[in-house]
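Undergrad: got a predicted structure plus its sequence, pasted below:
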Amino acid sequence: MIIATAGHVDHGKSALLQALTGIDPMHLPEEKRRGMTIDIGFAFLPVNEKKIIAFVDVPGHEKFLSNMLVGVGGVQHALLVIACDDGIMPQTREHAAILKLLRVEQITIALTKADRVDLARQQALRQEVQNWQAALGFGQVPMFITSAHSGMGIHELRQHLIALPDTLAENAHTRRFRLAIDRVFHVRGSGVVVTGTALSGQVNIGDMLWLTGAEQQVRVRDLHAQNQPVKKAQAGQRVALNLVGRLEKQDITRGDWLLSEKPTESISRILVQVETVPDVHIAFRHWHAVHAHHGAQHASGHLALLQEKRLSGDIILAEVVLDAPMYLAEDDRLILRDSGTQRIVAGARVLSLHPPRRGKRQSVFLDWLKEKALHDGDQASLRLLLQQGHVALSDFAWARQLNEAGLRALCAMFSDVLISGDFAMAKERAQQQRERILEMLAMVHRQMPDQIGVGRARLHRMALPAVPEALVFAHIEYLLGESKIVNNNGWLHLPEHNIALTEAEQALWQRVEPFFAKAPCWTRDLAVALSVPEEDMRAFLRKAARLGEVTAVVRDRYYLTKQIAELATLVRDHGCDHAGALRDRLNIGRKLAIQILEFFDRSGFTRRQGDKHLLRDAELFKIANTTAAHGDDDGIS
């Protein structure tokens, strides 16, 4: 558990920590000379073998507010210090506002320097502070009257802090590891060591982590948590990590992160709910220049309001446009400071890491975003996303910083959701999409009654082009399993839609098939060889193509469909991706090789890039695969 101090300069924060722990948190020579905290300091209070409380001492002077924000980032407990002789001062108000905006769950107030005032002043200040903190919306806050000089109230305060719950520990098993680096130094014989607050997840000796800034993977050689050597550290602890990698001390700076995985993308635009505290905030406007603080990191940017007019009490929605990427997760809390005056503008809760390119100011989207702002937690977030359609679970897990175990546990809570590979979708919407597939097949049969059906890739493009291919293919597999559609050599059609050769056509097929043994055949050549009118032969071959027996590579030139599958295997498995290679492999003319490759391009099996034809859908033309697809009878897919 970590407890951060807060309060005005010279109100006795460091002296109080020394009285509680026996450790002086001021470590810089300049701090000792001036008697004032400049940077964050640390002290530790061992409770028993399993519990050690870490204290983060923050500077109270307004010039060092950025260091104060580093100290309180990621903590869930704060000790707000107010001197009895001074009372509530400007930085008291500002620090309290920051704790409120960061949603620090547990706050304890210590009235210090009680030995300098009489009892009447103590009681008057207690009442004033109670009224003030109630107006801020803190609720019932424990308050202790103390004196580091005389020891008054120190024992009672210490026992209260020991009894506080560790609320961040629950994030250790379901979240990815995230640590905000606030110090880096070199230890002789060990190498680079970084320290910071673990916001979520857990880390073990030997784990590989991603170090931002240096943009490289590093290994954890050794660990300390709460100032003790350990094999594993977790959320809610002060952690020191001895890192191994191709890096030096100067490669790491305050504000870098240690993450369990490399970020999939940099985040420079986020949608947020803006929150204010009347005590300190300044009026803001659209495109207000701000500094955004999160953890030990900060970046400049602008606050773009999404609503032109707001009623009193409305949720304030905005987009934060950052000048440099930050490493954020949904529900993270930011502090926004005015770029000019450095005063607090507002707090911001991250609602989405992926603002839409268009339509983010439309009423439908704003209503959805307001609903998201009214709820928090993984379950509510996933439920709201499912209302919009399919959800990529890998993207969702990253945005929420869920690990595999956390994502599995979350998905298990949804009995009304279809999970297919990396995608999730409400079963009701999935049923609507399956019905759309059936409707599209019925339309195809009405418009082209002489065609047996369509391939799965083409059906995807026709029925549900905006839905990921994997989901559509999962719908097709489901419909096949339910016998609502039929697969005929890769052609998908409704069960009641059948095309079959007549007895006369079956007899003609027996005469036609041997001609394909060595080479593709032209319609006219077959008509002449078998003394059949050319138009009749053309109609017969088109019907045979719809039945999946033959496939046209160009108009009127056919291969047996199984021969097309063999040609596809050459391209797929043997690298025959240009005309010369295919020509030499098959010992055919260059013109025919080009016709074959161009047919594969039209079918979606390959795509042309320069002189090469690169694989696009490797599953096409696998006859053994029940969901293979073929080109149309005229060579156009």
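TA: Nice, I can see it.

Undergrad: any figure for the gap between residue 9 and residue 34?
TA: According to C-beta to C-beta, to the nearest Å, residue 9 stands 11 Å off from residue 34. (C-beta placed from N, C-alpha, C; glycine too.)

Undergrad: between these two, who's got more neighbours?
TA: residue 9 (19 against 11; other C-beta atoms under 10 Å).

Undergrad: give me the nearest residue to the more buried one, chain neighbours excluded.
TA: residue 60 (3.7 Å; C-beta to C-beta, 6 or more residues apart in numbering).

Undergrad: number of residues surrounding that neighbour?
TA: 26.

Undergrad: shouldn't it be in contact with residue 90?
TA: No: counting by C-beta atoms under 8 Å, residue 60 does not reach residue 90; the two are 10.2 Å apart.

Undergrad: what touches both of these two?
TA: Residues touching both residue 60 and residue 90 by C-beta atoms under 8 Å, 6 or more residues apart in numbering: residue 8.

Undergrad: low pLDDT regions in this protein?
TA: In the predicted model, the chain carries pLDDT under 70 at residues 31-33, 35, 169-170, 281, 309-313, 450, 489, 575-576, 623-637.

Undergrad: domains in it, by residue range?
TA: The chain breaks down by automatic domain parsing into domains covering 2-162, 169-259, 427-493, 503-615.

Undergrad: so which of those gets nearest residue 377?
TA: domain 169-259 (11.8 Å; C-beta to C-beta).

Undergrad: so how far is that closest one from its chain's centroid?
TA: 21 Å (C-alpha atoms, centre = their mean, to the nearest Å).

Undergrad: kindly report the same for stretch 48-55.
TA: For stretch 48-55, the distance to the chain centre is 33 Å (C-alpha atoms, centre = their mean).

Undergrad: cool, and stretch 257-276?
TA: 9 Å.

Undergrad: so for it, what gets flagged as buried?
TA: 257-260, 267, 269-276 (16 or more other C-beta atoms under 10 Å).

Undergrad: how about it as CSV, C-alpha atoms only?
TA: Coordinates of each C-alpha in stretch 257-276 appear next as CSV, following Å, rounded to 0.1, in the frame of the first residue of the first chain:
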residue,chain,number,x,y,z
TRP,A,257,6.8,3.5,-18.5
LEU,A,258,7.5,-0.2,-17.9
LEU,A,259,4.7,-2.2,-19.6
SER,A,260,4.0,-5.9,-19.8
GLU,A,261,3.8,-5.7,-23.6
LYS,A,262,4.8,-3.4,-26.4
PRO,A,263,2.0,-0.8,-27.1
THR,A,264,0.1,-1.6,-30.3
GLU,A,265,0.0,2.1,-31.1
SER,A,266,0.8,5.5,-29.7
ILE,A,267,-2.1,7.5,-28.3
SER,A,268,-2.2,11.2,-29.1
ARG,A,269,-6.0,11.7,-29.2
ILE,A,270,-8.4,10.6,-26.4
LEU,A,271,-12.0,11.2,-25.5
VAL,A,272,-12.5,12.3,-21.9
GLN,A,273,-15.0,13.4,-19.4
VAL,A,274,-13.9,16.7,-18.0
GLU,A,275,-14.4,17.2,-14.3
THR,A,276,-13.8,20.4,-12.3
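
Undergrad: residue contacts, the closest residue to residue 178 other than its chain neighbours?
TA: Distances taken as C-beta to C-beta, 6+ apart place residue 199 nearest to residue 178, at 4.5 Å, with adjacent residues excluded. Residue 199 makes contact with 74, 168, 171, 178, 179, 180, 235, 295, according to C-beta under 8 Å, 6+ apart.

Undergrad: can you tell me which of those end up in strands?
TA: 178, 179, 180 (DSSP state E).

Undergrad: quick check, the first one in contact with residue 201.
TA: Yep, that's residue 178 we're talking about. Yes: between residue 178 and residue 201 there is a contact under C-beta under 8 Å: 6.3 Å.

Undergrad: name the residues contacting each of the two.
TA: With C-beta under 8 Å, 6+ apart, residue 178 and residue 201 have common neighbours 260, 401.

Undergrad: pretty sure residue 186 sits against residue 249.
TA: Yes: counting by C-beta under 8 Å, residue 249 is a contact partner of residue 186 at 4.8 Å.

Undergrad: which residues do the two both contact?
TA: Listed as contacting both residue 186 and residue 249 by C-beta under 8 Å, 6+ apart are residue 192.

Undergrad: which one's more surrounded, these two?
TA: Between residue 186 and residue 249, counted using other C-beta under 10 Å, the more crowded position is residue 249 (14 against 11).

Undergrad: test my guess that the more buried one contacts residue 183.
TA: No: Residue 249 is beyond contact range of residue 183, at 10.9 Å (criterion: C-beta under 8 Å).

Undergrad: what sits in contact with each of those two?
TA: What both residue 249 and residue 183 touch, as defined by C-beta under 8 Å, 6+ apart, is an empty set.

Undergrad: mind checking how far the residue located most distally from the centre of the chain is from residue 549?
TA: In the chain, the residue that sits farthest from the middle, by C-alpha atoms, centre = their mean, is residue 531; the gap is 66.3 Å. In this view, residue 531 and residue 549 are 21 Å apart by C-beta to C-beta.

Undergrad: same check on residue 422?
TA: Residue 422 is 37 Å from residue 549, by C-beta to C-beta.

Undergrad: who has more neighbours, these two?
TA: Using other C-beta under 10 Å as the criterion, residue 422 and residue 549 rank with residue 549 on top: 19 against 16.

Undergrad: now do the phi/psi pair for that one.
TA: phi -80, psi -40 (degrees, to the nearest 10).

Undergrad: and what of residue 559?
TA: Main-chain dihedrals, residue 559, degrees, to the nearest 10: phi -120, psi 160.

Undergrad: now residue 470
TA: Per degrees, to the nearest 10, the backbone of residue 470 is at phi -60, psi -40.

Undergrad: pull the number of nearby residues for it.
TA: For residue 470, the count of nearby residues is 14 (other C-beta under 10 Å).

Undergrad: excluding its backbone neighbours, what's nearest it?
TA: Nearest one to residue 470, counting by C-beta to C-beta, 6+ apart, is residue 421 at 4.9 Å.

Undergrad: surely the one you found is in contact with residue 477?
TA: No: counting by C-beta under 8 Å, residue 477 is not a contact partner of residue 421; they are 11.5 Å apart.

Undergrad: still on that earlier bit, make a ChimeraX selection of whichever of the contacts of residue 199 turn out to be buried.
TA: One line in ChimeraX is enough to select the buried members of the contacts of residue 199, burial here meaning 16+ other C-beta under 10 Å:
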select :74,168,171,178,179,180,235,295
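
Undergrad: re earlier: gap between the residue nearest to residue 9 and residue 16?
TA: 12 Å.

Undergrad: same question for residue 598.
TA: Where residue 16 is concerned, residue 598 sits at a distance of 80 Å (C-beta to C-beta).

Undergrad: these two - which one has more neighbours?
TA: When neighbours are counted by other C-beta under 10 Å, residue 598 and residue 16 differ, and residue 16 comes out ahead with 27 against 17.

Undergrad: check contacts around that one.
TA: Per C-beta under 8 Å, 6+ apart, neighbours of residue 16: 5, 79, 81, 110, 112, 146, 148.

Undergrad: surely it is in a helix?
TA: Yes: using DSSP: H, G, I helix; E, B strand; the rest coil, the assignment for residue 16 is a helix.

Undergrad: stretch 482-490 spans what distance, first to last residue?
TA: 17 Å (C-alpha to C-alpha, to the nearest Å).

Undergrad: buried residues in it?
TA: Neighbour-count burial for stretch 482-490 [16+ other C-beta under 10 Å]: 485, 486, 487, 488, 489, 490.

Undergrad: just give the closest residue to residue 94, not the sequence neighbours.
TA: Leaving aside its chain neighbours, residue 94 sits nearest to residue 280 (5.1 Å; criterion: C-beta to C-beta, 6+ apart).

Undergrad: could you measure from that neighbour over to residue 552?
TA: Taking C-beta to C-beta, one finds residue 280 at 75 Å from residue 552.
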